[in-house]
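# Build the 3D model from these lines:
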Amino acid sequence: VTSYNNFYEFGLSKNVVGPANAAKDFFEGSWPVEISGLVERPQTIDAYDLIDLFQTEERVYRHRCVEAWSIVVPWAGFPLSHLLDWVGVKPEAKYIKFTTFEDTDISPIQKQGGFPWPYVEGLTIEEARNELSLIATGAYQERLTPQQGPPFRLVVPWKYGFKSIKSIVKIELTSERPVNFWFETQSSEYGFWANVNPEVDHPRWSQAEERWLKTSSRGNGKIPTLLYNGYEDEVSYLYEGLEGE
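Below is the predicted model:
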């Protein structure tokens, strides 16, 4: 399952291992991360120095793609809330915006039209502080491989997978809701919240069930999809009063 994933910077198919591995040196080199906006301590810091500031732990999470397939992943990383505490969030901050890299030498697809590069995602501050929100630095007891979005990525397991942005280079605290990549690409199909919900279908397919990948992308066993991907007890409080959205 480490080879079956989306990373559109390296192609539109699920088989991006080859193109991503060709960029291995890019991911392992210096990786400056800009932290800006409504924070007490704005700065630019190398990703690997940032990772070293925090104690990592293993979290085994369900991962549900908006394309109706799912896997279970043992991630390694640290709570996003720890990063927020470290930079100091100003009271005016309502959202956190993440941006991945834009480099057409590494990602030739970014030269093409049709997509609003670079990839951007966002959360509310309350979502970011939820105990499940993770900055992932590894998976399967190893460092993230190139196709998984190193040196670190976001993991929010109660949302569809496209919210878990990879290879982050910018983190900005803002008072305005970010316009995320897929909403800007196709707003009739993808929203900001993107919470897993079996009762709300994608315009082109049902979300009531999912294809569970166990050891192979060829797995075709269907299981019922759970509200918030099974994390209702941990996150439902975040959306009280937001039914209209």
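# mind listing the strands in this protein by residue range?
32-37, 43-46, 57-64, 69-79, 95-100, 120-124, 134-139, 142-143, 153-155, 168-174, 209-212, 222-224 (DSSP state E).
# Export the second one to PDB, keeping only CA atoms.
Listed next in PDB are the C-alpha coordinates belonging to strand 43-46 (Å, rounded to 0.1, in the frame of the first residue of the first chain):
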ATOM      1  CA  GLN A  43      10.500  32.200  11.200                       C
ATOM      2  CA  THR A  44      12.000  30.100   8.500                       C
ATOM      3  CA  ILE A  45      13.500  26.800   9.700                       C
ATOM      4  CA  ASP A  46      14.800  23.700   8.000                       C
END
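# which residues are contacting that strand?
Strand 43-46 has contacts (C-beta atoms under 8 Å, 6 or more residues apart in numbering) with 30-35, 87. The way it works is simple: take the backbone N, C-alpha and C, and place the C-beta from them, glycine included.
# Can you tell me which of those residues are buried?
31, 33, 35, 87 (16 or more other C-beta atoms under 10 Å).
# And the closest residue to the second one other than its chain neighbours, what's its pLDDT?
Read that as V33. Spatial nearest neighbour of V33, chain neighbours left out: A47 (5.1 Å); criterion: C-beta to C-beta, 6 or more residues apart in numbering. Note for A47: predicted pLDDT of 98.
# Just to check, A47 is in contact with G29?
No: A47 is beyond contact range of G29, at 10.2 Å (criterion: C-beta atoms under 8 Å).
# Comparing these two, which residue is more hemmed in?
Between A47 and G29, counted using other C-beta atoms under 10 Å, A47 has the larger neighbour count: 19 against 10.
# contacting residues for the more buried one?
Contacts of A47 (C-beta under 8 Å, 6+ apart): 31-33, 151-152, 168.
# Serialize the strands of the chain to a markdown table and add fields for distance to G114.
Formatted as a markdown table, the strands of the chain follow (distance: least, C-beta to C-beta, whole Å):
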| stretch | distance to G114 |
| --- | --- |
| strand 32-37 | 27 |
| strand 43-46 | 31 |
| strand 57-64 | 26 |
| strand 69-79 | 24 |
| strand 95-100 | 17 |
| strand 120-124 | 16 |
| strand 134-139 | 28 |
| strand 142-143 | 32 |
| strand 153-155 | 23 |
| strand 168-174 | 22 |
| strand 209-212 | 27 |
| strand 222-224 | 32 |
